[in-house]
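>>> the sequence isn't on hand, but the structure is:
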């Protein structure tokens with residue numbers, strides 16, 4: 001199997017080569033897919049959704065965070081600590097005067113959206129390599145959906161894993177929401 005570093009390098013190269021119009025179209029469709037899932041899951045406004053502020057080449061978007069907030073959800077985003085663990089704060093869109101809620105705040109989320117470079121059919125997630133999300137995901141409540149946000153083509157047959165990697169239970173792509181096997 002390919003090393004994580006090699007797999008990350010390939011995935012980042014493909015993302016960097018994606019045109020801005022293609023990224024924008026995918027992000028718009030991902031927002032629609034998530035809206036449909038929230039309706040079908042009957043996740044009530046006021047519920048907490050842990051998400052992330054995306055990098056320029058990622059499939060998530062600030063518009064997604066704004067949509068969730070406008071729909072009445074409390075959106076938590078991470079603040080990376082010096083040891084690479086994640087504290088959490090309520091997303092306001094301004095980035096100013098954010099009061100952190102503590103590393104355990106993710107445990108109050110009814111849905112967790114995580115960044116990923118790739119995921120395989122059993123939920124193994126290839127992240128950026130810091131281990132921040134693997135640590136944070138140990139704090140979520142049992143049964144909480146954990147969905148990786150991906151571009152089309154980023155669900156791979158297999159991704160390299162380590163014993164400490166925490167799997168996801170779903171993926172969101174422009175093509176839809178896909179539930180994955182729930183880990184034991």
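Arrived safely. This is a predicted model, so every value here is computed, not measured.

>>> regarding the chain, what is its longest strand?
The longest strand of the chain (DSSP state E) is strand 74-80.

>>> how about residues contacting the next helix or strand after that strand?
Sequence-wise, the next helix or strand downstream of strand 74-80 (DSSP states H and E) is strand 86-90. By CB atoms under 8 Å, 6 or more residues apart in numbering, the surrounding residues in contact with strand 86-90 are 50, 74-81, 98-103, 105-106, 132-133, 135-136. To be clear about C-beta, it is placed using only N, CA and C from the backbone, and glycine gets the same treatment.

>>> wait, isn't residue 65 in contact with residue 94?
No - counting by CB atoms under 8 Å, residue 65 stays clear of residue 94, with 11.8 Å between them.

>>> out of the contacts of strand 86-90, which end up buried?
Buried subset of the contacts of strand 86-90 (neighbour count, 16 or more other CB atoms under 10 Å): 50, 74-78, 101, 103, 105-106, 132-133, 135-136.

>>> low-confidence ranges in this structure?
For the chain, residues meeting the criterion pLDDT under 70 lie at 1, 95-97, 183-184.

>>> strands of that one, start to end?
Counting by DSSP E, the strands of the chain are 48-50, 74-80, 86-90, 111-115, 118-119, 125-126, 146-149, 170-173, 176-179.

>>> looking at those, which is nearest to residue 6?
When the strands of the chain are compared by CB to CB, strand 125-126 sits nearest residue 6, at 10.7 Å.

>>> centre of the chain to that closest one, how far?
Distance of strand 125-126 from the chain centroid (CA atoms, centre = their mean, to the nearest Å) equals 11 Å.

>>> can you tell me what sits against it?
Contacts of strand 125-126 (CB under 8 Å, 6+ apart): 4, 7-8, 11, 114, 116-119, 133, 148, 159-160, 165-168.

>>> run the angle between the longest strand of the chain and strand 86-90 for me.
Angle of strand 74-80 versus strand 86-90, following axes from the mean of the first three to the mean of the last three CA atoms, to 10 degrees, is 140 degrees.

>>> elements contacting strand 74-80?
Here strand 74-80 touches strand 48-50, helix 62-70, strand 86-90, helix 132-136, going by 3 or more CB pairs under 8 Å, 6 or more residues apart in numbering; DSSP states H and E.

>>> show me the contacts for residue 153.
By CB under 8 Å, 6+ apart, the contact set of residue 153 is residue 14.

>>> actually residue 105, not the one I typed
Shown in contact with residue 105 (CB under 8 Å, 6+ apart): 50, 76, 87, 88.

>>> switch to 10 Å and redo it
Residue 105 makes contact with 48, 50, 76, 78, 86, 87, 88, 89, 90, 136, 139, according to CB atoms under 10 Å, 6 or more residues apart in numbering.

>>> can I assume the first one is in contact with residue 113?
No - the criterion here is CB atoms under 10 Å, and residue 48 misses it with residue 113 at 11.6 Å.
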